[in-house]
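J.: I'll drop the sequence and a predicted model, then ask my questions.
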Amino acid sequence: MAQDITILLEEWERGDKTALDRLAPLVYPQLREIAGAYLRRERGGHTLQATALVNELFLKLMTRREPHFEGRQHFYTLTAKLMRLALIDHARTAKAGKRGGTAFPVPLHEEIPWVDASGQQMVDLDRALDELAALDAEQAQMFELRFLIGHTVDETAELMGTSKSSVDRKVRLARAWLFRRLNAAKENPSEP
């Protein structure tokens, strides 16, 4: 099935408009699982449900002019980012309706409370992840799998073909590097 997903992603990238329709049933269970993981980390009584979040994701995917994915893992990483942004937009809209437009911080992940997913820090994090990927692509990829997609250490180790201790170590290093990089950007806003 993983090979089928990769083939369909390539067909979609080459312009086959039916590829997304054929891809949807294959990736839907994993996307629903990611959406469910995100929603479990949200406040109680959330009005958005996993199915609605995945449906919103597919609407965004259908409007992509030039889809490009470097494989199945890249697809899931991107879709997880799109879901997180949809949740941020939903939270902002709900909060604006209740509080007259006041924004509030939304932590990216319980293990990364220093990243406010509801504002500029997500853009800063994205840039910092690109910088980290240039230095150590594996660390950046492990960070994305753990904290953007929501995989466990075991799942990340399996996907990356490495040990849990290696994932723990590299994710710890990535978190520390990103923390320093984002705090340096706060202290010196002129840095890119």
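T.: Perfect, I can see it now. Residues are numbered from 1 along each chain as shown.
J.: Would you confirm that Y76 contacts E33?
T.: No. Y76 lies out of contact with E33 (C-beta atoms under 8 Å); the separation is 10.2 Å. Where you see a C-beta, it was placed from the backbone N, CA and C, and this is true even at glycine.
J.: Of the two, which one has the most company?
T.: Y76 (22 against 15; other C-beta atoms under 10 Å).
J.: so L132 is in which element?
T.: Here L132, judged by DSSP states H and E, is contained in helix 120-135.
J.: Would you mind putting the CA coordinates of that helix into CSV?
T.: C-alpha atoms of helix 120-135 as CSV (Å, rounded to 0.1, in the frame of the first residue of the first chain):
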residue,chain,number,x,y,z
GLN,A,120,4.2,34.3,13.9
GLN,A,121,6.1,31.7,15.8
MET,A,122,4.8,29.0,13.4
VAL,A,123,6.4,30.9,10.5
ASP,A,124,9.6,31.3,12.5
LEU,A,125,9.5,27.6,13.4
ASP,A,126,9.1,26.7,9.7
ARG,A,127,12.1,28.8,8.8
ALA,A,128,14.2,27.3,11.7
LEU,A,129,13.2,23.8,10.6
ASP,A,130,14.5,24.6,7.1
GLU,A,131,17.8,25.8,8.6
LEU,A,132,18.0,22.7,10.8
ALA,A,133,17.3,20.4,7.8
ALA,A,134,20.2,22.0,6.0
LEU,A,135,22.4,21.2,9.0
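J.: I'd like the next helix or strand past that helix.
T.: According to DSSP H and E, the helix or strand after helix 120-135 is helix 137-143.
J.: That next one packs against which elements?
T.: Applying 3 or more C-beta pairs under 8 Å, 6 or more residues apart in numbering; DSSP states H and E, we find helix 137-143 packed against helix 120-135, helix 153-160, helix 164-187.
J.: hmm, 6 Å instead?
T.: Contacts defined by 3 or more C-beta pairs under 6 Å, 6 or more residues apart in numbering; DSSP states H and E place helix 137-143 against helix 120-135, helix 164-187.
J.: Would you mind pulling the contact partners of the strand or helix carrying T6?
T.: Per DSSP H and E, T6 falls inside helix 2-13. If you take C-beta atoms under 6 Å, 6 or more residues apart in numbering as the criterion, helix 2-13 is touched by A19, L20, R22, L23, L26, P67, H68, F69, G71, R72, F75.
J.: could you redo the last one with a cut-off of 10 Å?
T.: 16-24, 26-27, 30, 61, 64, 66-76 (C-beta atoms under 10 Å, 6 or more residues apart in numbering).
J.: following that helix, which helix or strand comes up?
T.: For helix 2-13, the succeeding helix or strand toward the C-terminus, using DSSP H and E, is helix 19-40.
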